[in-house]
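Enquirer: what follows is a protein structure lacking sequence information:
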């Protein structure tokens, strides 16, 4: 029976491969056609893969390094952490989270754009670099706005950046539609290209127009322009979530038409899985590196000690959160915008880990500050893990489209995946409560957990098997004597791989 | 005639695509076989693509952020730059370059390892993360060694790290060979797997043994252990270059046997092109981001002015160097170890750009310091560009294997590629000499160049056509009347695409 199942899975694999290859052939065919076309006109097109990887790296780094000014806030030992914390929370952490969000909104717009334009030439590559230059400049203008909210210079610079980014994107769209071989295949063969072009331009140019109005208001009554900017940033998400809630409440009144696959802002709008992975890799890599940079920048290089332990523990945490993310996306076949949003939240907390690291080795042993620093670390790790779990839960709602059969309900790795994703939230929650109870041993407990978790991951598959077998014992006390009885069990339970 | 040429090129494309697809099919086939095998034993294998991308991002960031302590050295205005420069040159820049080199040596070892092991499972992923943790720790131990050369703690930590990395790599190799479906296809079907295993283990374990000896020497007479470490780092390169020089001088005495494709340290040993690209992308991305971080960390946020210009200029320089790199590797079909080495040198200078940026906006206008800072920037840009050109020259020596037909001698984009690669070295050299002559206008000249160069890239194709046409006019004054005469011209000249 297992043999059967295996061969089924392999057949499925083969089919998938065949489909992919079929797709690739078609793709290649179209690409060759486009090369022919472009050759005639003297152009040479390129696959945009590396351009997008570079853009993702840039955006992920710029979103993450903004934690540095927060992490390097000096704490004074005689001061209570509570006060510093409140000071931090009110300004710097809020600024960090807002910056992270704004940069990821820009990144989402970038993904949307390059899902329409699939191939590039030299001119588009240079335009994209100009766009990137302004996106990396956004955090600076935003921190200017946050530091001097009453000075209109910040808002002027921010709006000017956004306007120029919008105009460059519009130029890219116009350029793309005037060289149709650069476009997505689906739009290339579509009959209403003109409609697409107008719709996309309308969506893109809406933002610069609002920013222009915000600039005018900033001269008259500047708080209004902040409201306007917040409104613009979240407008599509708010309107779409309202629409979605209404359609769920009343019933499915409207279906998204197939022609509106791009720029629809629907939660099910596809999001390039490769780019979500590349962006996440960038965030994890820079977070892991900021940890060691902190050690290196400490001027007294010889003042080592518990930092080593803290460094290795924190690096292991970042590395294992990446490992969980990797395992999850290995089994994700399609990413939706909702999953992308949850991923962004998870990454925002991962970006906070250098702060947690900084806090845990800042304070003297057994002080109240140290305890609170460790609890903050647990909270950050908990949220980073719980949002990863949320991605999987969101994927399970439309599992036929988004997940590999192995990790669907009843798939052979369903329980294993759940255990992998739940491990960090559980450990963080457990450590939090243990440190509440045994406040004197908080630091040893925390470091011990960080060092034990990697071994837990190594032994996880074994532990899951034992756990599930135990559950079976408890809830189905009489083991069924034949294989047939087992096959007839509820296929939604993840026991299939434990049958034999 | 042009039609003919086009269709030939397209046919070539098609053949290439077919070959690739053939390869892919074979690959898929083997992969499916390995899945079958692994399924039977209860394992699930994964493609290592994302693991390697993450490792590349980590290593490239760690190699590059080490410039930060150098760039943040405080200069005092009343001091002459010469003195600070000498101080910088003697210690910090040397430390930065050495760290960059050591990290890239570790990266090369990582590439070599994962060219042998092509598929991973959870256990290998976790082992690789442990390896990464120690590699990111290397720069810290090295800076400890450089700052306190007489204290043996630095050398002990460094050697301990290298020994553990070596042991983990050995474990990975042993694990890989005991699960043969994880290995490279070529080794998987090879008959002398045992020979491979022994050879690779010998190469890997040589380093920990030398480090162990260095640790013992450090207790007796520590300078000897530094010599030993330098010897170990460059041993394979020195011995191979000696061997190569000898074989070139005497004649081709020895051919590298096909069975020794991996771990041969031969300059023609293949290097994964994808990973060279990923590593380079990481370096360019972090360098571009460090620039804005510098602005953000400046405490007086309102003290803006020439920084904006300097920022946009420097970002444009990094972006365009990436663009040139991208254009080059788009036409590279196979990367060799020699090309990888030249790429590393180029990237080491790219990593120096934040220093150049820091210097150019540090000093008062029209001071002698400013002039020298600008000249240092020109030198850094010149070397970054000239090593990129060297990559192409190295590729041209074995162009049949390494380059796309378009950019070989006589290909239609040969002259264009040369112009793209030569633009930055020429501009940097030109600016250098202009600032020597017109020292009073050095800053305006430098910033003007940085802003003009992007437009030069946009118009480059046109300029190359005009230039080549002009050269034709000068050297072949009588234009041939018919097409046939042209076809009989020396095919090595890059005029083919200008015929009509």
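Expert: Noted; the coordinates are in hand. Keep in mind that this is a model prediction, so the values were computed, not measured.

Enquirer: how about the residues of the stretch 301-450 of chain A by chain B?
Expert: By Cβ under 8 Å from any Cβ of the partner chain, the residues of the stretch 301-450 of chain A that approach chain B are A:301-302, A:311-312, A:315-316, A:319-320, A:322-323, A:326-327, A:329-330, A:406, A:413. In this view, the C-beta of every residue, glycine as well, is placed from N, C-alpha and C.

Enquirer: from these, list just the buried residues.
Expert: With burial judged by 16 or more other Cβ atoms under 10 Å in any protein chain shown, the buried subset of these is A:301, A:311-312, A:315-316, A:319-320, A:322-323, A:326-327, A:329-330, A:406, A:413.

Enquirer: closest to residue A:176 among those residues?
Expert: residue A:329 (28.6 Å; Cβ to Cβ).

Enquirer: mind listing the helices for the stretch 1-150 of chain A?
Expert: Using DSSP state H, counting those that start in this stretch, the helices of the stretch 1-150 of chain A run over A:2-41, A:49-64, A:68-71, A:81-87, A:94-116, A:122-147.

Enquirer: for the second one, buried residues please.
Expert: Neighbour counts using 16+ other Cβ under 10 Å place A:50-64 of helix A:49-64 among the buried residues.

Enquirer: how about the strands in the stretch 101-250 of chain A?
Expert: A:119-120 (DSSP state E, counting those that start in this stretch).

Enquirer: if we check chain B, which of the buried residues of helix A:49-64 are in contact?
Expert: By Cβ under 8 Å from any Cβ, the members of the buried residues of helix A:49-64 lying near chain B are A:50-51, A:53-54, A:57-58, A:61-62.

Enquirer: ok, residue A:206 - how many residues close by?
Expert: Residue A:206: 14 surrounding residues under other Cβ atoms under 10 Å in any protein chain shown.

Enquirer: measure whatever residue of the stretch 51-200 of chain A ends up closest to chain B to residue A:50 for me?
Expert: Taking Cβ to the nearest Cβ, chain B has its nearest neighbour within the stretch 51-200 of chain A at residue A:57, 3.7 Å off. According to Cβ to Cβ, to the nearest Å, residue A:57 and residue A:50 sit 10 Å apart.

Enquirer: buried ones in stretch A:170-188, by neighbour count?
Expert: Using 16+ other Cβ under 10 Å as the test for burial, stretch A:170-188 gives A:172-173, A:176-177, A:179, A:181-185, A:187.

Enquirer: now do stretch A:151-162
Expert: So for stretch A:151-162, counting by 16+ other Cβ under 10 Å, buried means A:152, A:154-162.

Enquirer: tell me, how many residues neighbour residue A:195?
Expert: Residue A:195, neighbours per other Cβ under 10 Å, totals 12.

Enquirer: oh, that last question was meant for residue A:221, not what I typed.
Expert: Number of residues near residue A:221 (other Cβ under 10 Å) recorded here: 8.

Enquirer: kindly report the same for residue A:235.
Expert: Neighbours of residue A:235 under the rule other Cβ under 10 Å: 14.

Enquirer: please name the residues that touch it.
Expert: By Cβ atoms under 8 Å, 6 or more residues apart in numbering or on different chains, the contact set of residue A:235 is empty.

Enquirer: without its sequence neighbours, what residue ends up closest to residue A:421?
Expert: Nearest non-adjacent residue to residue A:421, counting by Cβ to Cβ, 6 or more residues apart in numbering or on different chains: residue A:389, 4.5 Å away.

Enquirer: do residue A:329 as well
Expert: Closest residue to residue A:329 apart from its sequence neighbours, by Cβ to Cβ, 6+ apart: residue A:277 at 5.7 Å.

Enquirer: before we move on, what about residue A:177?
Expert: Spatial nearest neighbour of residue A:177, excluding adjacent residues (Cβ to Cβ, 6+ apart): residue A:197 at 4.7 Å.

Enquirer: spit out the contact partners of that neighbour.
Expert: When contacts are counted by Cβ under 8 Å, 6+ apart, residue A:197 touches A:173-174, A:177.

Enquirer: let's see it at 10 Å
Expert: Contacts of residue A:197 were listed using Cβ atoms under 10 Å, 6 or more residues apart in numbering or on different chains, and they are A:116, A:173-174, A:176-178, A:183, A:187.

Enquirer: what's the lowest-pLDDT member of those?
Expert: Of all the contacts of residue A:197, residue A:187 carries the smallest pLDDT score, 84.

Enquirer: distance check, residue A:342 against chain B.
Expert: 19 Å (Cβ to the nearest Cβ, to the nearest Å).

Enquirer: tally of neighbours for that residue?
Expert: Residue A:342, neighbours per other Cβ under 10 Å, totals 21.

Enquirer: that one is in contact with residue A:384, isn't it?
Expert: No - using Cβ atoms under 10 Å, residue A:342 is not in contact with residue A:384; the gap is 11.5 Å.

Enquirer: in space, what's closest to residue A:402 - neighbours in sequence excluded?
Expert: Once flanking residues are discounted, residue A:402 sits nearest to residue A:395: 4.4 Å by Cβ to Cβ, 6+ apart.

Enquirer: show me what contacts that neighbour?
Expert: A:328, A:331-336, A:338-339, A:342, A:401-403, A:407-408.

Enquirer: and the buried residues of stretch A:170-188, which two are the farthest apart?
Expert: Maximum pairwise distance among the buried residues of stretch A:170-188 (Cβ to Cβ): 18.2 Å, between A:172 and A:185.

Enquirer: just to revisit the earlier point, need the buried residues of stretch A:151-162 in TSV with pLDDT and distance to residue B:110, can you?
Expert: Shown next, in TSV, are the buried residues of stretch A:151-162 (pLDDT from 0 to 100; distance: Cβ to Cβ, whole Å):
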residue	pLDDT	distance to residue B:110
A:152	81	50
A:154	83	44
A:155	86	46
A:156	88	47
A:157	87	42
A:158	88	41
A:159	90	45
A:160	91	43
A:161	90	38
A:162	91	40
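
Enquirer: host element of the residue nearest to residue A:329?
Expert: helix A:273-297 (DSSP states H and E).

Enquirer: please consider this matter closed, and thank you.
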